[in-house]
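Q: got a predicted structure here, sequence first:
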Amino acid sequence: MGTSHVIIGDGIAGSSAAETIREADPAADITVLTEEGEALYNRILIKEFAKGKMPEGPISIHQPDWYRERDIELRLNTMVTRVDTDEQVIHTHEEEAIEYDTLLVATGGTPAQLPVENSDADGIHHFWTFEDARAIEEHADNADTGVIVGAGLLGIDLAAICGAQDVSAHYLMRGNTWWRYALSEDGAEIMHNAMREQDVTPVFESGVDRFEVDADGHVTGVVDPNGERYDADFVGVAIGLDFNTEFLRGSGIELTDNGAIVTDEQMRTNVENVYAAGDVTYFYDTILGEQAQNGAWGSAKEQGSIAATNMVRDTGEDVEEATFHWVSSYSITHFDFPFLSFGHPTIGDDFVERKYSETEWRRVVLKDGQVIGGVLIGDLAPQTSLKRLAREGVDVSDRTDALLEQTIDVEKFTPPEAEQ
């Protein structure tokens, strides 16, 4: 028998890890466990399916045959209940014990539920899995009025689904703008106007006090903390994730207070032979120089590959140690103009921004004089230069105006090594 690598989670992080291990070690035993009933699919495209714009076919990435052809054992509908890191054994809901030489946890999260009355009523949807998307598409197609809760990147997907499905909706936001930690009023107003054009009305300084339901338990309306009531036979809630790590309690693996798994820049946890990747990680970000979280698809895929490379290396294969050094990005294509965020746009100690037109705006976020993230609306061309500056850790503190030029000339900024 070869080295036994077990991966919990078949999202893009887990699947990327399985593929990387197989390429590096043809003799390894690889087992992938997932609670879902279907193999890897594209979480980015499920919103297009929910909008009624795409059939199911293109959303699937891997069929079960993909795993069989690579001699990877895929176990669907399998819940891990406990991990014994002393014995290096995983226990499942069917009372099966699976031994491992290395373990990767890539379980992601479950959408958080609002702690208010009737939050589990029929017609209230959370958007994360393909099954969620199927339910949303079917329900939105038959709904007339809706409410969206959660002023972030997943919330705006739900708002766009309402727009595409001709659901007249109100979008309840706690602050005075959409994604207020990343956008100023100038930038956010571009997004607000685009929502209004799709019959989605932003409602600021709002939220949910309770949901109202009919005699059959189906949602009929939402009452906000201000006492305003909004008709809704469809509700979408996107207020964050609860990380799927309860089964790790007592394992010795270090978790944050909110359940994320702490790792270093090689995606190793504090426990020997245990790694983590994807949304569930609180990893050491080499660009920030501190621990961070990031839920982007590309980031999760890279983390899975980095973890897998180090898993193979640590079990004796001759491969070079890998480090996660990545600038993530997340794009929105719901409107007539493009939108992209990159890096860490909601933190930092300084920023520069400019509005160029009614549909073009840019913010670049800085920390200690270096680019760490930002948001581009309308013109995405500068992303390559900005991500390069972030990745290379270039000091831009005395040239921040150049970050807002229509075309960014990277040569205007001198890399740190060239200044020495």
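A: Received the coordinates, thanks.
Q: what about the closest residue to Ser60 other than its chain neighbours, neighbour count?
A: The spatially closest residue to Ser60, leaving aside those adjacent along the chain, is Tyr41, at 5.1 Å (CB to CB, 6 or more residues apart in numbering). The way it works is simple: take the backbone N, C-alpha and C, and place the C-beta from them, glycine included. Neighbour count for Tyr41, taken as other CB atoms under 10 Å: 22.
Q: what separates Tyr41 from Gly221, distance-wise?
A: Applying CB to CB, to the nearest Å, the value for Tyr41 to Gly221 is 33 Å.
Q: ok, now Glu185?
A: Distance of Glu185 to Gly221, computed by CB to CB: 29 Å.
Q: more neighbours: which of the two?
A: Neighbours around Glu185 and Gly221, counted as other CB under 10 Å, are more numerous at Gly221. The numbers are 17 against 10.
Q: mind checking the SS state of that one?
A: strand (DSSP: H, G, I helix; E, B strand; the rest coil).
Q: next: the one 4 residues further on.
A: Put simply, Pro225 is coil when judged by three-state DSSP.
Q: skipping its backbone neighbours, what lies nearest it in space?
A: Distance criterion CB to CB, 6+ apart; nearest residue to Pro225, sequence neighbours excluded, is Asp209 at 4.9 Å.
Q: looks like that neighbour contacts Val116 (just checking).
A: Yes - between Asp209 and Val116 a contact is recorded at 6.5 Å, counting by CB atoms under 8 Å.
Q: give me every residue that touches the residue nearest to Ser60.
A: 59-61, 130 (CB atoms under 8 Å, 6 or more residues apart in numbering).
Q: of those, select the buried ones using a ChimeraX command.
A: Only the buried entries of the contacts of Tyr41 go into this ChimeraX selection, using 16 or more other CB atoms under 10 Å:
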select :59,130
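Q: among the contacts of Tyr41, name the ones in strands.
A: Of the contacts of Tyr41, none are assigned to strands by DSSP state E.
Q: residues in contact with Glu302?
A: 16, 324, 326.
Q: same question for Thr309.
A: Contacts of Thr309 (CB under 8 Å, 6+ apart): 20, 24, 319-322.
Q: and with 7 Å instead?
A: Thr309 is in contact with 20, 24, 319, 322, counting by CB atoms under 7 Å, 6 or more residues apart in numbering.
Q: got it, and Val213?
A: By CB under 7 Å, 6+ apart, the neighbours of Val213 are 118, 121, 219-220.
Q: now render the contacts of Thr309 as TSV, adding pLDDT and secondary structure.
A: Shown next, in TSV, are those (pLDDT from 0 to 100; DSSP: H, G, I helix; E, B strand; the rest coil):
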residue	pLDDT	secondary structure
Thr20	98	helix
Ala24	97	helix
Val319	94	coil
Ala322	98	coil
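Q: which of these sits closest to Tyr356?
A: Each of these was checked against Tyr356 using CB to CB; the closest is Ala322, at 39.0 Å.
Q: wait, doesn't that closest one sit right on Ala307?
A: No - in this structure, Ala322 is not within contact of Ala307 by CB atoms under 7 Å, at 8.3 Å.
Q: which of these two has more neighbours?
A: Ala307 (34 against 19).
Q: from His91, how far out is that one?
A: Distance check for Ala307 against His91: by CB to CB, it reads 22 Å.
Q: same check on Leu76?
A: 18 Å.
Q: give me the most central residue, this protein.
A: Gly295 (2.9 Å; CA atoms, centre = their mean).
Q: list the helices and strands the host helix or strand of Cys162 packs on?
A: Following DSSP states H and E, one finds Cys162 within helix 153-164. Applying 3 or more CB pairs under 7 Å, 6 or more residues apart in numbering; DSSP states H and E, one finds that helix 153-164 contacts helix 46-50, helix 130-140, strand 145-149, strand 168-172, strand 200-203.
Q: make a markdown table from those and add distance to Ser4 and mean pLDDT to it.
A: Output for those, formatted as a markdown table (distance: least, CB to CB, whole Å; pLDDT from 0 to 100):
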| stretch | distance to Ser4 | mean pLDDT |
| --- | --- | --- |
| helix 46-50 | 32 | 97 |
| helix 130-140 | 29 | 97 |
| strand 145-149 | 44 | 98 |
| strand 168-172 | 48 | 98 |
| strand 200-203 | 50 | 98 |
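Q: which one of those lies nearest to His344?
A: helix 46-50 (22.9 Å).
Q: remind me what that closest one packs against, helices and strands.
A: Using 3+ CB pairs under 7 Å, 6+ apart, helix 46-50 is in contact with helix 130-140, helix 153-164.
Q: just the buried positions in the longest helix seen in the chain, please.
A: Counting residues, the longest helix found in the chain (DSSP state H) is helix 297-314. Buried residues in helix 297-314, counted by 16+ other CB under 10 Å: 297, 299-314.
Q: can you name the next helix or strand after that helix?
A: Next element after helix 297-314 (DSSP H and E): strand 329-332.
Q: quick one: the residue nearest to the centre of the chain and Thr333, what's the gap?
A: Relative to Thr333, Gly295 is positioned 18 Å away (CB to CB).
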